[in-house]
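Peer 1: give me coordinates for this.
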Amino acid sequence: DSRGMIAVSGTRHAVSGIAHRHMSTQLRRMVSNPTPRSRGRFFLASGLVISGTFLGLSQANCLPSREGSAGADGSGSSLSSGWLYGVAAGVTAAGACLLYLRNEEVETEKRLKRWHNSWEVNNPNRAGFHRTELHDSIDKFLPRLLDDGISAMHFPKRVLVTLCGKAVDMPYLASLGHKVVGCDGIRQAALEFIDEQGATVTATTKTGGFEVLDLQLPKHLSNVGMRYVIGDFFRMKPSTAGRFECCYDRGALVAIDPALRPQYVETLTGLLDKGARILLVATEHDPMVSKPTGQLGPPFDLTEREIRGLFAKDYTVQLLQRESLYEKEPWWKARGATYFNEAIYVITKRT
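Peer 2: The predicted structure is shown next:
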């Protein structure tokens, strides 16, 4: 009846409007940050818009039909054209989805290739970034990470440790009663962490391309548990391991390709609650010209100005400490740097 037609038409227009706005959003993201991931999302949104347009036009009998296929009342022509264009629209949307998923897989492979090499057992410089003791930022500024202004600092918080490797900071935070989740794309890192910490895997869950390990830590750490997520951090979502009140980043943002920093912040923003705090350890240095390419890292140079720019939209940034490590850690001079600073920030999510 007419009311049913009006309802269907209204729903179709509403969905179409949402799809067009989504496509516009993805187009802006692709222009501002032209990564394969943003391109894939744009093509996916475009496919859905094209799909909806074809279906809408076929329902409205606006698309041409094959001559001679109609019945006496023309219904055969409408049904035939609607079916054909519906199939075409479905194929278009499916192709866009496959393109998006393939882009994701290729990007994951590219991002993790260098780290697989870093963790190779026969690599003499393997995991040279790993520290066997707690970082100074934990000793000095842990209260700034845990204090939400509402509950006591010892009240359990959900803490995410990005690109965690086998960081000893994780069991320490877990021993304080916090619900710690570490994420790293290299399985070897997870296996070494489990072995070195004497941990036991109590459960394994596979979800969305991730392997989530529930770990029981040894009795000398009060027999507490934590989670280790194996997979590409850039594809992590709240459905992977939940949302977080705190994030500890010691060697993640400075380790990735600088071109990926906006994407890192975007992913992290989607995982953090309003009011969440990030304790970020950044490095500042000039090109290490002793290498043939004069490359900047890793760890890459990450200035205060860039940090404030990356987090400007949704966060408040506060510098807690800047310290020169140039004399304390002579290997930076050996690598060709003329200065090397470590800067620690607390970054609070406003929205």
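Peer 1: give the buried residues for stretch 334-351.
Peer 2: 335, 337, 340, 341, 342, 343, 344, 345, 346, 347, 348, 349 (16 or more other Cβ atoms under 10 Å). C-beta: built from backbone N, CA, C; applies to glycine.
Peer 1: what's the separation between the first one and residue 278?
Peer 2: I take that to be residue 335. 28 Å (Cβ to Cβ, to the nearest Å).
Peer 1: quick one, helices of this structure?
Peer 2: Assigned by DSSP state H, the helices in the chain fall at 2-32, 36-59, 75-118, 136-146, 169-175, 187-197, 238-241, 261-271, 304-310, 331-334.
Peer 1: so for the longest one, mean pLDDT?
Peer 2: Translated: helix 75-118. What helix 75-118 shows for mean pLDDT is 58.
Peer 1: do the same with the second one
Peer 2: Averaging the model's pLDDT scores along helix 36-59 yields 56.
Peer 1: likewise the first one?
Peer 2: Averaged across helix 2-32, pLDDT comes to 51.
Peer 1: how about the fifth one?
Peer 2: Taken as a whole, helix 169-175 has a mean pLDDT of 94.
Peer 1: for that helix, packing partners?
Peer 2: helix 136-146, strand 158-162, strand 179-184, strand 225-230, strand 244-250 (3 or more Cβ pairs under 8 Å, 6 or more residues apart in numbering; DSSP states H and E).
Peer 1: quick one, what contacts residue 182?
Peer 2: 160, 161, 164, 167, 170, 193, 226, 227, 228, 229 (Cβ atoms under 8 Å, 6 or more residues apart in numbering).
Peer 1: and the two most separated of those?
Peer 2: 160 and 193 (15.6 Å; Cβ to Cβ).
Peer 1: those two - which one has more neighbours?
Peer 2: residue 160 (28 against 24; other Cβ atoms under 10 Å).
Peer 1: mind listing what that one touches?
Peer 2: So residue 160 contacts 181, 182, 183, 244, 246, 247, 248, 271, 272 (Cβ under 8 Å, 6+ apart).
Peer 1: 6 Å instead, please
Peer 2: Applying Cβ atoms under 6 Å, 6 or more residues apart in numbering, one finds that residue 160 lies in contact with 181, 244, 247.
Peer 1: now the end-to-end length of stretch 157-171.
Peer 2: Using Cα to Cα, to the nearest Å, the end-to-end distance of stretch 157-171 comes to 14 Å.
Peer 1: buried ones in it?
Peer 2: For stretch 157-171, by 16+ other Cβ under 10 Å, it's 157-171.
Peer 1: check stretch 181-194 too.
Peer 2: 181, 182, 183, 184, 185, 186, 188, 189, 190, 192, 193, 194.
Peer 1: so what's the first one closest to, chain neighbours aside?
Peer 2: The one in question is residue 181. residue 227 (4.5 Å; Cβ to Cβ, 6 or more residues apart in numbering).
Peer 1: for that neighbour, the count of nearby residues, please.
Peer 2: So residue 227, with other Cβ under 10 Å, has 21 neighbours.
Peer 1: what's the answer for residue 262, then?
Peer 2: Residue 262: 16 surrounding residues under other Cβ under 10 Å.
Peer 1: repeat for residue 141
Peer 2: Neighbours of residue 141 (other Cβ under 10 Å): 18.
Peer 1: can you pull the contacts of it?
Peer 2: Per Cβ under 6 Å, 6+ apart, neighbours of residue 141: residue 320.
Peer 1: and the gap between it and residue 239?
Peer 2: Relative to residue 239, and taking Cβ to Cβ, residue 141 is found at 31 Å.
Peer 1: try residue 336
Peer 2: 44 Å.
Peer 1: same deal with residue 185?
Peer 2: With Cβ to Cβ as the criterion, residue 185 and residue 239 are 18 Å apart.
Peer 1: and residue 300, by the same measure?
Peer 2: Applying Cβ to Cβ to residue 300 and residue 239 gives a distance of 30 Å.
Peer 1: the two: who's more crowded?
Peer 2: A count of neighbours by other Cβ under 10 Å puts residue 300 above the other of residue 300 and residue 239, at 18 against 10.
Peer 1: just to check, residue 166 is in contact with residue 192?
Peer 2: Yes. Residue 166 is within contact range of residue 192, at 5.1 Å (criterion: Cβ atoms under 6 Å).
Peer 1: tell me where the stretch 251-351 of the chain has strands.
Peer 2: Taking DSSP state E, counting those that start in this stretch as the criterion, the stretch 251-351 of the chain carries its strands at 272-285, 315-324, 340-349.
Peer 1: list the contacts for residue 314?
Peer 2: Contacts of residue 314 (Cβ under 6 Å, 6+ apart): 269, 349, 350, 351.
Peer 1: show me which pair in the residues you listed is furthest apart.
Peer 2: The most distant members of the contacts of residue 314, if one measures by Cβ to Cβ, are 269 and 350, lying 10.8 Å apart.
Peer 1: average model confidence for stretch 287-302?
Peer 2: 73.
Peer 1: what's the first-to-last distance across that stretch?
Peer 2: 12 Å.
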